[in-house]
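> Got a sequence here, can you model it:
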Amino acid sequence: MRLSTLTSAFVPLVLVGATIQRRQAAVTVTETVTAAAASPTQWQWNLGASNAWPIHESCNATERALLKRGLDEAAILASHARDHILRFGNSSDFYQKYFGSAPSGEVIGWFEKLVHGDRGAYKFRCDNPDGNCALDGWGGHWRGENATEETVICPLSYETRKPLDGMCGYGYTVAQGSLNFYFASDLIHRFFHMPSIGEGVVEHYADDYADCLQLAIDNPLEAVRNTHTLQYFALDVYAFDIALPNDGCTGKVEESSSEDTTATTTAVTTARTTTTAAAECHTHSNGDVHCS
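The predicted structure follows:
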């Protein structure tokens, strides 16, 4: 009787255990993972633009370092020229001196393009593919038809060009100093020769300091596109605003006081100009060699 009772009690437990096992076996979990929809490609309007200075692989480590510093300083010089005009417009005495009555927008644009324009179109190189660095006194040259967006910087530039920190030093004045005395102003000149910067309209309409001032009076619309005028302006306002605040180092053009000294002064000036010119010779797109 007792055994029967135990058996009767055990049977339900077995049945319950079997039921639980069947239920556990019947449970199936399905997890569905839906892949995220591919997002459309984001439009990048300035894809391919470059803000790095394009220095050719022909430049060694020393040339690269010096050239980069010069290019950085050229951007500093140009950016201040732009900022001076943005602050004072064409009411600036310096602006009127160099550009006369011309509207200021174009001048701002040339300097801004040099500072913030795409740097992927042009290139500075340090080798001598055209042989011009072998010519006496050549500090560099635009390659012209050989490669319109390339400029060669010759060894002479690294040996003689002064840093922008030395503005108004070494006895330099804007009126009498060479435009290639500082690496920064020399490179501004070279920038404007390349079509992607100067667009073929920033050219040589007047050369020396006195002629550039006269051009501002006679033809302001040419003055805003004159390479040397843009260089003189950038140097003059940087000297006055930054290097020697409210003083600068404009200097004056030497003038002869009598007919007796005219010939001597002319001879000295001619000799000085010739010496300076050798370091500023470059070739134009039509093959002409320009020295100033």
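
> Now for this structure, the helix or strand with the poorest mean pLDDT.
helix 259-278 (a mean of 38; mean pLDDT, DSSP states H and E).

> Check the burial of Ser92 by counting its neighbours.
17 (other CB atoms under 10 Å). Where C-beta positions appear, they are placed from N, C-alpha and C, glycine not excepted.

> Check Asp136 too.
Asp136: 8 neighbours (other CB under 10 Å).

> before we move on, what about Ser196?
With other CB under 10 Å as criterion, Ser196 counts 15.

> Find the nearest non-adjacent residue to it, please.
Spatial nearest neighbour of Ser196, excluding adjacent residues (CB to CB, 6 or more residues apart in numbering): Ala121 at 3.9 Å.

> how far away is that neighbour from Lys113?
Ala121 sits 11 Å away from Lys113, taking CB to CB, to the nearest Å as the criterion.

> Quote the end-to-end distance of stretch 114-130.
25 Å (CA to CA, to the nearest Å).

> Now it: buried residues?
Residues of stretch 114-130 classed as buried: Leu114, Val115, Gly117, Arg119, Tyr122, Lys123, Phe124, Arg125, Cys126 (neighbour count, 16 or more other CB atoms under 10 Å).

> Apart from its chain neighbours, what residue comes closest to the fourth one?
Closest residue in space to Arg119, ignoring its immediate chain neighbours: Ser50 at 4.9 Å, by CB to CB, 6+ apart.

> ok, now which ones touch the one you found?
Ser50 sits next to Asp118, Arg119, Gly120 when contact means CB atoms under 8 Å, 6 or more residues apart in numbering.

> Let's have these in TSV, adding distance to Pro54, secondary structure and pLDDT.
Formatted as TSV, these follow (distance: CB to CB, whole Å; DSSP: H, G, I helix; E, B strand; the rest coil; pLDDT from 0 to 100):
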residue	distance to Pro54	secondary structure	pLDDT
Asp118	10	coil	96
Arg119	6	coil	96
Gly120	7	coil	94
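
> any idea which of those is the one closest to Trp45?
Asp118 (12.4 Å; CB to CB).

> what sits against the closest one?
Contacts of Asp118 by CB under 8 Å, 6+ apart are Ala49, Ser50, Asn51, Ser196.

> mind checking the SS state of the second one?
With DSSP: H, G, I helix; E, B strand; the rest coil as the basis, Ser50 sits in coil.

> From Phe99, how far off is it?
As judged by CB to CB, Ser50 and Phe99 stand 31 Å apart.
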